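Asks: sequence first, predicted model second:
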Amino acid sequence: MGKKDKGEKKEKEEKGALGVGEVQAATDFLIRPEKGVPPLDTSKWPLLLKNYDKLNVRTGHYTPIPAGHTPLKRPLKEYLSTGCINLDKPSNPSSHEVVAWIRRMMRVEKTGHSGTLDPKVTGNLIVCVDRATRLVKAQQSAGKEYVCIVRFHGKVEGGAVRVARGIETLTGALFQRPPLISAVKRQLRVRSIYASKLYEYDEERHLAVFWVSCEAGTYVRTLCVHLGLLLGVGGHMQQYADEWELPRNQGSVADRHNQ
């Protein structure tokens, strides 16, 4: 075995010991264009194709045009133009204001969000940048999950058991009319509640914390009013957070304080 072969083997062993990301960062994975044209032997081809190499003005040899980048060598501008931000929206600013702030901070042309959250609501807001804004429609139709605090206007007879039963009753297709403070026309509509669960109930303060998985466009504020009517004491939404819109890693969510 020559020195050259030994050197190649050593390089392969070293590359094998590296991780996938390190190998991608160290090597260019692309087909480079070549000026040379390989010879084409048509002597054994069918009769009608004997002079194929002479009939063609342009060669049939594929010459790739260099374009794009390997995943770990893309410039930052390309990442920004096709990126999505998992943002933990704070209370008070509207979704439109948050999206406008991101557009100015990142100096990009377009930004869009996956679904409007009320100004007082905190939770996950997915912001798409430039070319990724075409994904907004797909995200807006995805299911939603919320954690909500409801305040009842009186003592609920039966305690936590009855509250949990009432929350589970409000599942399936429900009629809803958007609340007075809403960005859409107040028409009666049908929205589906997939699942719901009571987390905690405070009998002294008449507060309940529950989780709900529902269709996009469901008003949790209206759901709280219906829950209060069902239990016979009345109720309203105290606070809620948009917990989930798309499968995501909780550790990857950004907010205005740590970014």
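Replies: Happy to help now that I have it. Model, not experiment: these values are computed from the prediction. Numbers count the residues shown, from 1 in each chain.
Asks: list the buried residues for the longest strand along the chain?
Replies: Taking DSSP state E as the criterion, the chain has its longest strand at strand 189-202. Buried residues in strand 189-202, counting neighbours by 16 or more other C-beta atoms under 10 Å, are found at Arg191, Ile193, Ser196, Leu198, Tyr201. For glycine as for every other residue, the C-beta is placed from the backbone atoms N, C-alpha and C.
Asks: show me where the stretch 1-150 of the chain dips below the pLDDT cut-off.
Replies: When the per-residue scores of the stretch 1-150 of the chain are filtered using pLDDT under 70, the ranges that remain are 1-17, 33, 56-66.
Asks: can you map out the strands along it?
Replies: Chain-ordered strands for the stretch 1-150 of the chain, with DSSP state E, counting those that start in this stretch as the definition, fall at 84-89, 111-113, 122-129, 144-152.
Asks: and the residue of the chain positioned farthest from its centre, how far from Trp211?
Replies: With C-alpha atoms, centre = their mean as the measure, the chain has its most outlying C-alpha, relative to the mean C-alpha position, at Leu47: 57.4 Å. With the distance defined as C-beta to C-beta, to the nearest Å, Leu47 ends up 75 Å from Trp211.
Asks: run a quick neighbour tally on Gly112.
Replies: By other C-beta atoms under 10 Å, the residues close to Gly112 number 20.
Asks: would you quantify the distance from it to Val98?
Replies: Summarising the geometry, the distance separating Gly112 from Val98, computed by C-beta to C-beta, is 12 Å.
Asks: so what sits against both of the two?
Replies: Between them, Gly112 and Val98 have Val127 as joint contacts when contacts are counted by C-beta atoms under 8 Å, 6 or more residues apart in numbering.
Asks: domain ranges for the protein?
Replies: 74-141, 144-244 (automatic domain parsing).
Asks: what's the span of the shortest one from first residue to last?
Replies: The one in question is domain 74-141. In terms of C-alpha to C-alpha, to the nearest Å, the two terminal residues of domain 74-141 are separated by 31 Å.
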